[in-house]
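Asks: kindly generate the corresponding structure for this input.
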Amino acid sequence: MSYVCVGLTAQSPEETQAIGRLLGMSAMPGDVYLLVGNLGAGKTTLTQGILWGLGSDEYARSPTFVLVNEYNARLTMYHMDLYRLDSYEEIVELGLEEHLDGDGVCVVEWADKAPGYFPEDHAMITLDVVDPDTRRISLSSESDRYAEIARVLQAQQSK
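Replies: Next comes the predicted model:
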């Protein structure tokens, strides 16, 4: 295993979706993307791109009230949102392991609410607001699997 961290810039919601689309196109069964960022940082916008990259034409909606949305595509995508949960214990009680250890793709918004809960093999994606249109998107992981995805993203950003 090797540590990777790549920084990307998106100048619009469409560019954020394009980065997500690349993640979705590269996705394999069992992939886990942990998203962290303030309200309005673009977590759901990135998730939308991931879903489209998986081949779905559905619109990903934030599952803030239902906590998990399931989308059928090339791989099933489980979109989780931990925003409304107040404690680590509440998150553990949800029993998300069946999704996290399954053969779909998991995208978890507000993943920072449950440090240490997720599988070791994951990609952490941090979205920061630079200005009203621009987002800084950082992908980090200790997995060789996500290091390859990071290289693809970096190469696309360089074009």
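Asks: please make it C-alpha for all contacts and neighbour counts, starting now.
Replies: Fine.
Asks: the spatially most central residue of the chain: what secondary structure?
Replies: In the chain, the centroid-proximal residue (Cα atoms, centre = their mean) is Y33; its distance is 3.7 Å. Using DSSP: H, G, I helix; E, B strand; the rest coil, the structure places Y33 in strand.
Asks: likewise Y78?
Replies: Quick answer, by three-state DSSP: Y78 is strand.
Asks: that one and I19: what is the separation?
Replies: Note on Y78: its distance to I19, by Cα to Cα, to the nearest Å, is 18 Å.
Asks: again with D128
Replies: Distance from D128 to I19, counting by Cα to Cα: 14 Å.
Asks: which of the two has more neighbours?
Replies: The neighbour count for D128 versus I19, taken as other Cα atoms under 10 Å, is higher for I19 (25 against 20).
Asks: was I right about the more buried one contacting Q48?
Replies: No: assessed by Cα atoms under 8 Å, I19 is found out of contact with Q48, at 10.1 Å.
Asks: need the next SSE after the worst-scoring helix or strand of the chain on mean pLDDT, C-terminal direction.
Replies: The helix or strand of the chain with the poorest confidence is helix 88-93; it has a mean of 78 (mean pLDDT, DSSP states H and E). For helix 88-93, the following helix or strand on the C-terminal side (DSSP states H and E) is helix 97-100.
Asks: what are the contacting residues of that next one?
Replies: With contact meaning Cα atoms under 8 Å, 6 or more residues apart in numbering, helix 97-100 is reached by G30, V32, Y78, C106, F118, P119.
Asks: show the average pLDDT along the helix or strand following that helix.
Replies: Sequence-wise, the next helix or strand downstream of helix 97-100 (DSSP H and E) is strand 105-109. Averaging pLDDT along strand 105-109 gives 95.
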